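J.: Sequence and predicted structure below; questions after.
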Amino acid sequence: MEQYTTQLLVIGGGASGLAAAAAAAEKGARVIVAESMAAVGGNGLFPRGVFAVDSVLQRKRLIFADTDEIFTRCMEYSHWKIDGRLVRRLLDKSGDTISWLMDKGVDFCDVVHHTPNQAPEVFHITSAEENAGSVVIRCLKKFCLEHGVTLLTHTRGKQLTQDDHGAVTGAICEKKDGTEVHISAERVIICTGGFSGNQEMIRKYYPGFKPEYVAKGGGMRHPGDGVRMALEAGADIEGNFAMEIAAPKIQGYAALNLILGKPYHMWLNRFGQRFASEGIVYNFAQAANACLRQPEGKMWVVFGQRQLDQALSDGRDMIELIHIDPKAEEQLPQTMEKAIADGVMVKAENTDQLAAFIGCPQQAVEASLTEYNVFCRHGRDAMFAKDRRYLTPLGDGPLYAIRAGADMLITHGGVRVNEYFQALNDQYQQVENLYIAGVDFGGVDADEYNVEMSGHGFGFALNSGRMAGEHAAEAVLHQ
């Protein structure tokens, strides 16, 4: 058994965990970070940009990102199901956190739109070729090490320890080799990255969600240790959860996602019926809703050569830059051949072949194609009001179809907290000495991930971690 004593223990070394550790160490607190993986970073390594409002970069670019306006849009997007105090705190802190990260070496170079014509721009990117997340993690790790933070890797949090009054006093962790690690701490911050790898939790907190319809996309599948430990210590669950899901997607044929992410195609369900405006593809959460409500979660993306040419002539949007290999277009012909050979894509010379691939009556496909082409020729989608700039008739030549689905990325939601990110019980009282940050706390996303707040999953993780670390450090240094 190994034993440690510290002022502040952070369980989880991802974006929120390292932000918490850096903020606390900056205040002068002694900090230990317990990380279950071989290295820190977690899902914080993958984001391409950071959400922020009223940052120094936005002001230099004359981007007028008004906090009140964005707060209102955020609350309305969620139909006011989320915690306005938490959202306000996170928004108000976000611009300053960009400067805080820049002071630690993060080279933010621009603020860009994440989806076409998005305004105002809130997505802060770095000049490095690697993801902004990797840059942020590297700089926070360096700062932590320079300021005396102890990083324990291969050390998984198992159970919080508490005194006779229920106050948290540290945690019992376990190393990869089974060695038990006891860490005594005056304050504990949990930020373990959600529970996308825990099917039991997903079934419990996402009733009606059918994981068999959803592939596991990029990122790490965390088992929900933080949420479980907090509940065992007396914390309560916030009512709303959001699953970050993207569609249409395909696994194993990465270059095809260069096509699937464009709005020019036609989407059909297993009955051969069109079911949505394909223009919603740029809001991947809404697109996932439309796709997953189809029978058995099945859908097919149908296009001809003209749609393919349009898709490839477009510039890449930010989501494509994040998730798709820069060489995808070069790889596309070979990937299409392989997908056709593997039976997940078809090149159909007629509607009979297309219907056979989908497994629906030929008449249904014929009717959908005829209706869609009429809409395109008239410049008006009289069914789903698809933006006319995306309406391109499917020609008389061969038609392609890809059997696509949805990818699950990460869970958002969990433990109830106050505006200082202190864990609360079912009476809204503090679980003494316990804080929750990152995607382990709930109250800022409801029903679906808010794509309009581009990068807020990463941004809110950094801000909640920073604020939890600052508050916890002040508590232990001035008690």
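T.: Now that the structure is in, tell me what you want to look at.
J.: Contacts only, for Arg156.
T.: Ala34, Ser36, Cys173, Glu174, Lys175, Asp225 (CB atoms under 8 Å, 6 or more residues apart in numbering). No exception for glycine: its C-beta is placed from N, CA and C like everyone else's.
J.: among the residues you listed, which two are most distant?
T.: Spanning the widest gap among the contacts of Arg156 are Lys175 and Asp225, at 14.4 Å by CB to CB.
J.: Looking at those two now, which is surrounded by more residues?
T.: Comparing Lys175 with Asp225 by other CB atoms under 10 Å, the one with more neighbours is Asp225, at 22 against 16.
J.: Got phi/psi on that one?
T.: phi -60, psi -40 (degrees, to the nearest 10).
J.: isn't it right up against Cys191?
T.: No. Assessed by CB atoms under 8 Å, Asp225 is found out of contact with Cys191, at 10.7 Å.
J.: intersection of neighbour lists for the two?
T.: Both Asp225 and Cys191 are contacted by Ile11, under the criterion CB under 8 Å, 6+ apart.
J.: contacting residues for the nearest residue to Arg380 once chain neighbours are set aside?
T.: In space, and not counting its chain neighbours, Arg380 is closest to Arg388: 6.5 Å by CB to CB, 6 or more residues apart in numbering. Taking CB under 8 Å, 6+ apart, we find Arg388 in contact with Gly379, Arg380, Asp381.
J.: Secondary structure element holding Glu121?
T.: Assigned by DSSP states H and E, Glu121 falls within no helix or strand.
J.: and it, what does it touch?
T.: Gln58, Arg61, Ile63, Ala65, Val111, Val112, His113.
J.: Any of those buried? List them.
T.: Neighbour-count burial (16 or more other CB atoms under 10 Å) applied to the contacts of Glu121 gives Gln58, Ile63, Ala65, Val111, Val112.
J.: for the chain, which spans come out with low pLDDT?
T.: Low-confidence segments of the chain, defined by pLDDT under 70: 215-219, 315-326.
J.: rerun at 50
T.: In the prediction, the chain carries no residues with pLDDT under 50.
J.: Could you point out the longest helix of it?
T.: Scanning the chain for the helix with the most residues, using DSSP state H, yields helix 456-477.
J.: got the buried residues for that one?
T.: Going by neighbour count (16+ other CB under 10 Å), the buried part of helix 456-477 is 456-473, 475-476.
J.: List the buried residues in whichever strand in the chain runs longest.
T.: Secondary structure of the chain read by DSSP state E shows that its longest strand is strand 399-412. Across strand 399-412, burial judged by 16+ other CB under 10 Å covers 399-412.
J.: Check stretch 273-293 too.
T.: Here stretch 273-293 shows 273-292 as buried, counting by 16+ other CB under 10 Å.
J.: so who does Arg274 touch?
T.: Met266, Trp267, Leu268, Ser368, Glu371, Tyr372, Met383, Phe384.
J.: Can you spell out which residues form a bridge with it?
T.: Leu268 (DSSP bridges).
J.: just Phe108 next, same as before
T.: Thr126.
J.: surely it meets Ala128?
T.: No. The criterion here is CB under 8 Å, and Phe108 misses it with Ala128 at 10.1 Å.
J.: quick one: which of those two has more around it?
T.: Higher neighbour count among Phe108 and Ala128: Phe108, with 22 against 13, using other CB under 10 Å.
J.: tell me the contacts of the more buried one?
T.: Applying CB under 8 Å, 6+ apart, the residues contacting Phe108 are Val50, Leu57, Ile98, Leu101, Met102, His124, Ile125, Thr126, Ala132.
J.: now Val106
T.: Val106 neighbours (CB under 8 Å, 6+ apart): Thr126, Ala132, Val135, Val136, Cys139.
J.: Can you tell me how far it is from Ala230?
T.: From Val106 across to Ala230, the span is 30 Å (CB to CB, to the nearest Å).
J.: Let's have the contacts of Glu121 in a markdown table, adding distance to Val344.
T.: Converted to a markdown table, the contacts of Glu121 look like this (distance: CB to CB, whole Å):
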| residue | distance to Val344 |
| --- | --- |
| Gln58 | 42 |
| Arg61 | 42 |
| Ile63 | 41 |
| Ala65 | 41 |
| Val111 | 38 |
| Val112 | 33 |
| His113 | 32 |
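J.: With just CA atoms, put stretch 110-127 into PDB.
T.: Output in PDB follows, covering the C-alpha atoms of stretch 110-127 (Å, rounded to 0.1, in the frame of the first residue of the first chain):
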ATOM      1  CA  ASP A 110      -7.700  32.800 -34.400                       C
ATOM      2  CA  VAL A 111     -11.400  32.600 -33.700                       C
ATOM      3  CA  VAL A 112     -13.300  30.800 -36.400                       C
ATOM      4  CA  HIS A 113     -16.800  29.600 -37.200                       C
ATOM      5  CA  HIS A 114     -17.400  26.000 -36.500                       C
ATOM      6  CA  THR A 115     -20.400  25.600 -38.700                       C
ATOM      7  CA  PRO A 116     -21.100  27.500 -42.000                       C
ATOM      8  CA  ASN A 117     -22.000  31.200 -41.400                       C
ATOM      9  CA  GLN A 118     -21.900  30.800 -37.600                       C
ATOM     10  CA  ALA A 119     -22.100  34.100 -35.800                       C
ATOM     11  CA  PRO A 120     -20.500  35.200 -33.600                       C
ATOM     12  CA  GLU A 121     -17.400  33.200 -33.900                       C
ATOM     13  CA  VAL A 122     -16.600  31.600 -30.500                       C
ATOM     14  CA  PHE A 123     -14.300  28.700 -31.500                       C
ATOM     15  CA  HIS A 124     -10.700  29.500 -30.500                       C
ATOM     16  CA  ILE A 125      -8.000  27.600 -32.400                       C
ATOM     17  CA  THR A 126      -4.200  27.300 -32.200                       C
ATOM     18  CA  SER A 127      -1.700  27.800 -34.900                       C
END
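J.: Show me which residues of it are buried.
T.: For stretch 110-127, the neighbour count (16+ other CB under 10 Å) marks Val111, Val112, His114, Thr115, Gln118, Pro120, Glu121, Val122, Phe123, His124, Ile125, Thr126 as buried.
J.: before we move on, the earlier item: out of the contacts of Arg156, the closest to Ser313 would be?
T.: Nearest member of the contacts of Arg156 to Ser313, counting by CB to CB, is Ser36, at 44.8 Å.
J.: ok, then the element right after the host helix or strand of Gln58?
T.: Taking DSSP H and E as the criterion, Gln58 maps to helix 56-60. Where DSSP H and E defines the elements, the next helix or strand beyond helix 56-60 is helix 67-77.
J.: helices and strands around whichever helix or strand comes after that following helix, which ones?
T.: Downstream of helix 67-77, the next assigned helix or strand under DSSP H and E is helix 84-103. Contact analysis of helix 84-103 by 3 or more CB pairs under 8 Å, 6 or more residues apart in numbering; DSSP states H and E lists strand 50-51, helix 56-60, helix 67-77, strand 108-112, helix 132-146, helix 456-477 as its packing neighbours.
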